[in-house]
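J.: One predicted model, sequence on top.
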Amino acid sequence: MAISIRPMAAEDKSQFLVLWEKYNVFYKRTVAAAITDKTWERMLDPQTRLYGAVAVDSDLAPGANIVGFVTWLPHFYTATVEDIVYLHDLYVSEDVRNGGVGRSLINHVYDWCKQEGITSVYWHTQRFNHRAQLLYTKVANLTDFVQYKHDV
Ligand SMILES: CC(C)(COP(=O)(O)OP(=O)(O)OC[C@H]1O[C@@H](n2cnc3c(N)ncnc32)[C@H](O)[C@@H]1OP(=O)(O)O)[C@@H](O)C(=O)NCCC(=O)NCCS
């Protein structure tokens, strides 16, 4: 496995869609194709502050070598002048898990933040997602916050 992380590009769409679908299955949710298209469009639009990166295994054939992705978005924070970043989605193909790809994708977001002068990244995970937390405890600190949600 020879992994590098790079920004998502237009030609990645078909490979991204395969992983995105698996990610949606993981979350037991359905995302309509029109919404997925909108998200894809936003990630590639330089005017929209939603970003995506993919993990590429150069040992695999071009066109079948994307093994993970991460998305993130910066936003205002009322207690700092600088934006902070919400790490939104993270997914690694099952067959390459526990090989450092997830860590590399998170580090890519950290590097992006440093370039942008942003000093804080945060994200959520389900309390029972122990597999993800095995990684998260190594790259971040668990906070005291819990999340509330209400659909209006
Ligand atoms: C969570 C996820 C992204 C992690 O990706 P990954 O590529 O497997 O993660 P990494 O290999 O970079 O990190 C694994 C770390 O966890 C540790 N780890 C993994 N399994 C472990 C185990 N059974 N016991 C102890 N530590 C373990 C590894 O030691 C590794 O740390 P290291 O880099 O210091 O060796 C991946 O499992 C995934 O896509 N899961 C499904 C979707 C998901 O949960 N997404 C996150 C939603 S918040």
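T.: Structure received. Since we're looking at a predicted model, the values are computed, not measured.
J.: what's the pLDDT at Glu116?
T.: At Glu116, the pLDDT value in this model is 97.
J.: Next, count neighbours for it.
T.: 12 (other CB atoms under 10 Å). Every C-beta, even on glycine, is put in place using the N, C-alpha and C of the backbone.
J.: Helix, strand or coil: sort out the residue nearest to it when sequence neighbours are not counted for me.
T.: Closest residue in space to Glu116, ignoring its immediate chain neighbours: Pro74 at 7.1 Å, by CB to CB, 6 or more residues apart in numbering. Three-state assignment for Pro74 (DSSP: H, G, I helix; E, B strand; the rest coil): strand.
J.: Pro74 against His88, yeah?
T.: No: assessed by CB atoms under 8 Å, Pro74 is found out of contact with His88, at 11.1 Å.
J.: near the ligand, which residues of this structure?
T.: Counting by CB under 6 Å from any ligand atom, the chain comes close to the ligand at 26, 90-92, 97-103, 125, 129, 131-132, 134-135, 138.
J.: any idea whether the one residue in the chain that gets nearest to the ligand is helix, strand or coil?
T.: Residue nearest to the ligand within the chain (CB to the nearest ligand atom): Gly102, separated by 2.5 Å. Following three-state DSSP, the label given to Gly102 is helix.
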